[in-house]
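Trainee: sequence first, then the predicted structure:
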Amino acid sequence: ANKICPPGFNLSGQQCMAPESTELESTCPPNSVFENGKCKVIKNIDMVCPPGYTDSEDDCVLYVAPAKECPPNFILQGLR
């Protein structure tokens with residue numbers, strides 16, 4: 001029995017082969033870019049400060065009480 005290949009294909013032995021090939025195209029999902037052979041996903045995140053820190057624009061700030069220290073030749077009495 002003669003084998004018949006679909007239009008655009010050629011019979012090669014027992015298989016139907018396409019006459020030419022091409023490289024696969026790379027496509028990335030939305031909100032990503034193709035970079036160095038990989039899809040790079042860029043995601044904006046909200047900055048959250050650790051417990052005890054205060055959000056101050058682009059920084060997390062920790063406020064602490066100043067150390068109590070007496071000048072030379074004085075002694076600390078109580079918390080004054």
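Mentor: The structure has been received and is ready for your questions.

Trainee: where does this structure dip in pLDDT?
Mentor: Confidence mapping of the chain against pLDDT under 70 gives the ranges 1, 21, 79-80.

Trainee: all the strands of this protein, in order from the start?
Mentor: Using DSSP state E, the strands assigned to the chain run over residues 10-12, 15-17, 32-35, 38-41, 54-56, 59-61.

Trainee: can you redo those as CSV with distance to Leu24?
Mentor: Yep, even glycine has a C-beta here, placed from its N, CA and C like the rest. As requested, the strands of the chain are exported to CSV (distance: least, Cβ to Cβ, whole Å):
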stretch, distance to Leu24
strand 10-12, 22
strand 15-17, 18
strand 32-35, 13
strand 38-41, 14
strand 54-56, 46
strand 59-61, 45
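
Trainee: out of those, the one nearest Lys3 is which?
Mentor: Set against Lys3 and scored by Cβ to Cβ, the strands of the chain come closest in strand 10-12, at 5.8 Å.

Trainee: for Tyr63, give its distance to Val48.
Mentor: Computed as Cβ to Cβ, to the nearest Å, the Tyr63 to Val48 distance reads 18 Å.

Trainee: list the contacts for the closest residue to Pro6 other than its chain neighbours?
Mentor: Distances taken as Cβ to Cβ, 6 or more residues apart in numbering put Cys16 closest to Pro6, at 6.7 Å, once the chain neighbours are dropped. By Cβ atoms under 8 Å, 6 or more residues apart in numbering, the contact list for Cys16 reads 3, 5-6, 9-10.
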